[in-house]
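Undergrad: turn this into a model:
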Amino acid sequence: MATILKKNLNGSKGILSFTHKENKKLDNPITHFFLKNSLLEIKKNYFLSMLWGWFHENHKDVPYIDFHLAGKGTLSFKNKSNNKILDFCNRNFIDKIFKKKELNKI
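TA: As a prediction, the model looks like this:
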């Protein structure tokens, strides 16, 4: 599911993030044909990212994606120079409620 990580405000581009599951839609020639113009329009106001939830090695380029979010060592691309990977994954977006707390166990 696509998520807005940062809104497009005051002339500053926002960030729209897809999960690796949406990659099938971006990679499919038929859906790619219909999505191309919409994605180009969105890219005028947003950077597009993709969040990867598990290990992928030597993946091919993903069209329209500006950068990828994946835990260190869990994602690599055939063409490394075309794909920027930032060391962020699901654990970096967990709400504070799940952080360790110093509580007495009963």
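Undergrad: measure Phe88 to Pro63 for me?
TA: As judged by CB to CB, to the nearest Å, Phe88 and Pro63 stand 21 Å apart. In short, each C-beta sits where N, CA and C put it, glycine included.
Undergrad: mind checking which of the two has more residues around it?
TA: For Phe88 and Pro63, the more surrounded residue by other CB atoms under 10 Å is Phe88, and the numbers stand at 19 against 13.
Undergrad: ok, the more buried one touching Lys72?
TA: No: between Phe88 and Lys72 there is no contact under CB atoms under 8 Å: 9.7 Å.
Undergrad: distance between stretch 65-73 and the chain's centre?
TA: With CA atoms, centre = their mean, to the nearest Å as the basis, stretch 65-73 stands 7 Å off its chain's centre.
Undergrad: so for it, what gets flagged as buried?
TA: Burial within stretch 65-73, assessed by neighbour count using 16 or more other CB atoms under 10 Å, is assigned to Ile65, His68, Leu69, Ala70, Gly71.
Undergrad: swap in stretch 77-88?
TA: Applying 16+ other CB under 10 Å to stretch 77-88 flags Phe77, Asn83, Ile85, Phe88 as buried.
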